[in-house]
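Engineer: for reference, the sequence and a predicted model appear below.
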Amino acid sequence: MSLATPSNEASSIGRLARSPAAQDGTVAAVAFALTLVMLAGAHSSTRALDPLAGLLAALACGPLVARRRAPLGVFALCTAASATLDGLGYGLGPPFGPTIALFYLAADQRTRDRLRQTGSVVVGMGAIHVGAAAAAEYPSFPTIPILGAVIVWGGAWIIGDQLRQRRQRLSDLQERARQTEREMARERQLAVAQERNRIARDLHDSAAHAINVILVQAAGARLLQDRNPAAVRAALSTIEDVARETIAEIDRLIGGLRDGAGACANGASAGPIDPPAGLSSAATLAERHRAAGLDVELQLQGAPRPLPAGVDQAAYRILQESLTNAARHGTGQAEVRITYRPQELELTISNPTALTGQDESTDRGYGILGMRERAQLLGGSLHAGRHGARFHVHARLPAAAGEPARR
């Protein structure tokens, strides 16, 4: 059998005191007590305090315990009982119950949605209360009851309405804060999705390029292993270099997904991450494809200049994917033209292809789709497809001459 400790009892009493029902009961009890005091000390009353007055006082204050469920009904009932007290000559004075009920009614958020109905009830019950008091105590025009009702009930309504508006403003601020947080969460999710798409494109481009070079070099080494050992060693060296560069590229891309990228397991810094390759590596890329057996003709037009990081990286990836496709699907030759214009960078990659058929500008794989997305994300365009016996890739990327490079 467990015994309740004093601390547990105090905690239970504290929770009970903080409950809405207990608070409303306390307010109703205080209003009832004040009403009895006013009835007992009223000098202008024609009747003394009796059980009927106590019952009417209870009806004028007791319904306050239900003010959260039906504030308009509580106000009407309290006002009707208070008006009856005045009409019977008990000389009530300030009507505590109806005044508190009116305050709660004005502070209730539902009142705004039924303001016309509420206003009609308040005005009607106010007129009944003033009329009952005037009939019992004032043979002439009831100036004092009217002024008293306007001051007391008007003040209660204004204070309650201000409280309601303050709560509404706080609620609106909280909702805007939640909406802002939801929008920020959506932006973060969108940024993550875009970053994943970018990494997927980079992985595709790097892996496809590396696998194609390795495949060509391995096939050549297999064919020349008995006749030309030097060529085999060169092919194996190229395979090793491409594999090492691709592993480093994949590590860089995956490292960007981890929190705290650049930190080692023991907490030491891993050093700065090398920036992705740009068009400055175009000659190296072309030379690598030449070593793999693709005859690449590289032409530069216009004055080369530093490019924004996004444009530089996208141009390199487009060139890399186009040469990979030329090596896989072409006949061993590709022409590359890089043109620096005042407001844009233009890339044209063309290669003969053994495939024939209708001209196309779309591709069912992810290579051309990724190139097109890169160009469109920068505000540029890319067209790719067969034209006769050749396959063309033509990209335009915005790159104003005065725009600084981001390195």
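Structural biologist: Cool, the structure landed.
Engineer: helix/strand/coil for I338?
Structural biologist: strand (DSSP: H, G, I helix; E, B strand; the rest coil).
Engineer: any idea which element the nearest residue to it once chain neighbours are set aside lies in?
Structural biologist: Nearest residue to I338 in three dimensions, chain neighbours excluded: L300, at 5.3 Å (C-beta to C-beta, 6 or more residues apart in numbering). The C-beta positions use only the backbone N, C-alpha and C, and glycine is treated the same way. Following DSSP states H and E, one finds L300 within strand 295-301.
Engineer: helices and strands around that strand, which ones?
Structural biologist: Packed against strand 295-301 by the contact rule (3 or more C-beta pairs under 8 Å, 6 or more residues apart in numbering; DSSP states H and E) you find helix 282-291, strand 333-340.
Engineer: coming back round to it: ok, the residue nearest to I338 touching V336?
Structural biologist: No - if you go by C-beta atoms under 8 Å, L300 and V336 don't touch, sitting 9.2 Å apart.
Engineer: so for those two, which sits in the more crowded spot?
Structural biologist: More neighbours surround V336 than the other of L300 and V336, with 23 against 14 (other C-beta atoms under 10 Å).
Engineer: quickly note the distance from the residue nearest to the more buried one when sequence neighbours are not counted to A286.
Structural biologist: Once flanking residues are discounted, V336 sits nearest to L298: 4.9 Å by C-beta to C-beta, 6+ apart. Distance from L298 to A286, counting by C-beta to C-beta, to the nearest Å: 5 Å.
Engineer: which neighbours do the two share?
Structural biologist: Common contacts of L298 and A286 (C-beta atoms under 8 Å, 6 or more residues apart in numbering): V336.
Engineer: a strand runs through A230, doesn't it?
Structural biologist: No - the assignment for A230, made by three-state DSSP, is helix rather than a strand.
Engineer: follow-up on the earlier one: now the helix or strand that comes right after the strand holding L300 and helix 282-291, what's the angle there?
Structural biologist: Downstream of strand 295-301, the first helix or strand assigned by DSSP H and E is helix 309-329. Here the directions of helix 309-329 and helix 282-291 differ by 10 degrees (axes from the mean of the first three to the mean of the last three C-alpha atoms, to 10 degrees).
Engineer: what comes up buried for helix 309-329?
Structural biologist: Residues of helix 309-329 classed as buried: 311-327 (neighbour count, 16 or more other C-beta atoms under 10 Å).
Engineer: elements contacting it?
Structural biologist: Using 3+ C-beta pairs under 8 Å, 6+ apart, the elements in contact with helix 309-329 are helix 143-224, helix 282-291, strand 333-340, strand 344-352, helix 367-377, strand 390-398.
Engineer: hmm, try it at 10 Å
Structural biologist: The contact analysis (3 or more C-beta pairs under 10 Å, 6 or more residues apart in numbering; DSSP states H and E) places helix 309-329 against helix 143-224, helix 282-291, strand 295-301, strand 333-340, strand 344-352, helix 367-377, strand 381-387, strand 390-398.
Engineer: packing partners for the last one?
Structural biologist: Spelled out, that is strand 390-398. Right, strand 390-398 is packed against helix 309-329, strand 333-340, strand 344-352, helix 367-377, strand 381-387 by 3+ C-beta pairs under 10 Å, 6+ apart.
Engineer: cutoff 6 Å now
Structural biologist: When contacts are defined as 3 or more C-beta pairs under 6 Å, 6 or more residues apart in numbering; DSSP states H and E, strand 390-398 packs onto helix 309-329, strand 344-352, strand 381-387.
Engineer: how close does P20 get to R374?
Structural biologist: Applying C-beta to C-beta, the value for P20 to R374 is 60 Å.
Engineer: let me redo that: A303
Structural biologist: Distance, A303 to R374, by C-beta to C-beta: 24 Å.
Engineer: looking at the two, which one has more neighbours?
Structural biologist: The residue with more neighbours, out of A303 and R374, is R374; 26 against 8, by other C-beta under 10 Å.
Engineer: which residues does the more buried one contact?
Structural biologist: Neighbouring residues of R374 by C-beta atoms under 6 Å, 6 or more residues apart in numbering: A314.
Engineer: same question for F96.
Structural biologist: F96 makes contact with A31, L34, T35, according to C-beta under 6 Å, 6+ apart.
Engineer: and the last one, its phi and psi?
Structural biologist: Torsion angles at T35 (phi, psi; degrees, to the nearest 10) stand at phi -60, psi -40.
Engineer: I'd say it and A58 touch.
Structural biologist: No - using C-beta atoms under 6 Å, T35 is not in contact with A58; the gap is 8.7 Å.
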